[in-house]
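**Q** Here's my sequence, what's the structure:
(3 chains)
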Amino acid sequence: MPELAEVDFFRRRWDPGVGQIILAVEAHGGKRIFRGIAPGVFHRQLTGAKLLGSESRGKQMLFRFSRNVWLGVHLGMTGEMRVERADFPGGNHDHLLLRQRTRTLVFADARLFGRIRFDVGAALPSWWTRLPPPLDSAEFTVEALAAFLQRRSRSPLKGVLLDQSRFPGVGNWMADEILWRARLSPSARGAQVDARAAKLLWKEIRFVCAGAMRIVSKDYSDPPKSWLFPHRWAKGGRCPRDGVLLGRATIGGRTTAWCPQCQPD
DNA sequence: GGAGTTGTTTAGGA
DNA sequence: TTCCTAAACAACTC
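**A** Below is the predicted model:
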């Protein structure tokens, strides 16, 4: 279920292991998760390395180790990170276990849509430096947003917001939340967003990203009832603004909830 | 048992 | 070329 803030929440779950050596590496099954990685090098380089720190960008995570070792994690649809005791045997979907003296850092993923990346080098890995600018950075401007909406003039806005090359970290619930706040129909096309609407959309993208990071990433709390979030999957869910029954349909390839009253086509 | 799932990639059509 | 859609990936829950 991980989007921007959920990803950061899971990233920090490995924080207790910072400063500690990896004594052993266990990668179980799920070859798909480790695609592109040579198993021998992976085990050899990571074993004995010390976890130094981590950061997240959008839905991507980077873990920095001593010996110029870098580990990337993407959670896919069902990935998660945990910490278990040192002798934890590993469960069915626990694909990566990093053993430390007093704990085990675990990456689990039931559906195998996640991905582990790996690199050794003095410089940041290219798969990290090539990531798009974060939405809370100065590079994400109203002008850039408007230009992109024109380029994607025929796409439904829901699909546009899910484009990770432009809106890193935005997933299904955040896209619905943003469009609901900006009072834009998820099925409206990019070309229908005029300058004034683009400015509001930009503002709500910033708001939802910042709010999610503040509320969700701290302890995985749900956003409050004043947000669309708690209402969007509820049976008979209603718009927290006007009480109108929410619409639900597949838009841009994803199940979408919106308020027909305040987000008219 | 069938449908649906908060993600990404790819093939193929427009 | 560029853009857009649908399917595939895989396993669990309701």
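**Q** Might you report the residue contacts of the residue in chain A that DNA strand C sits nearest to?
**A** DNA strand C sits closest to A:R154 of chain A, with a gap of 3.2 Å, by Cβ to the nearest atom of the strand. C-betas here are computed from N, CA, C, even on glycine. Applying Cβ atoms under 8 Å, 6 or more residues apart in numbering to A:R154 gives the contacts A:189-191.
**Q** could those go into a markdown table alongside pLDDT and secondary structure?
**A** Below are these laid out as a markdown table (pLDDT from 0 to 100; DSSP: H, G, I helix; E, B strand; the rest coil):
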| residue | pLDDT | secondary structure |
| --- | --- | --- |
| A:R189 | 95 | strand |
| A:G190 | 93 | helix |
| A:A191 | 93 | helix |
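**Q** burial measure for the closest residue to DNA strand B within the stretch 151-265 of chain A, as a count.
**A** Across the stretch 151-265 of chain A, no residue is closer to DNA strand B than A:G171, which sits at 2.2 Å (Cβ to the nearest atom of the strand). Number of residues near A:G171 (other Cβ atoms under 10 Å) recorded here: 23.
**Q** quick one, phi psi at it?
**A** When read as degrees, to the nearest 10, the backbone of A:G171 gives phi -120, psi -160.
**Q** so who does the closest residue to it other than its chain neighbours touch?
**A** Spatial nearest neighbour of A:G171, chain neighbours left out: A:E3 (3.4 Å); criterion: Cβ to Cβ, 6 or more residues apart in numbering. When contacts are counted by Cβ under 8 Å, 6+ apart, A:E3 touches A:59, A:169-174, A:212.
**Q** Output the below-cut-off pLDDT ranges for the stretch 101-250 of chain A.
**A** Regions of the stretch 101-250 of chain A meeting the criterion pLDDT under 70 are absent.
**Q** got the residue ranges for the strands in it?
**A** A:104-109, A:115-120, A:247-251 (DSSP state E, counting those that start in this stretch).
**Q** winner for burial among those?
**A** Scoring the strands of the stretch 101-250 of chain A by mean neighbour count under mean count of other Cβ atoms under 10 Å gives strand A:104-109 as the most buried, with a mean of 23.
**Q** Any idea how many residues pack against the closest residue to A:W233 other than its chain neighbours?
**A** When the adjacent residues along the chain are set aside, A:W233 lies closest to A:A257, with 7.2 Å between them (Cβ to Cβ, 6+ apart). By other Cβ under 10 Å, the residues close to A:A257 number 24.
**Q** A:A257 in helix, strand or coil?
**A** Following DSSP: H, G, I helix; E, B strand; the rest coil, the label given to A:A257 is strand.
**Q** Next, find the distance separating it from A:S54.
**A** As defined by Cβ to Cβ, to the nearest Å, A:A257 lies at a distance of 33 Å from A:S54.
**Q** what do you get for A:R101?
**A** Separation of A:R101 from A:S54 (Cβ to Cβ): 19 Å.
**Q** And for A:V18?
**A** Using Cβ to Cβ, one obtains 8 Å as the distance from A:V18 to A:S54.
**Q** same check, this time on A:D87
**A** Distance, A:D87 to A:S54, using Cβ to Cβ: 24 Å.
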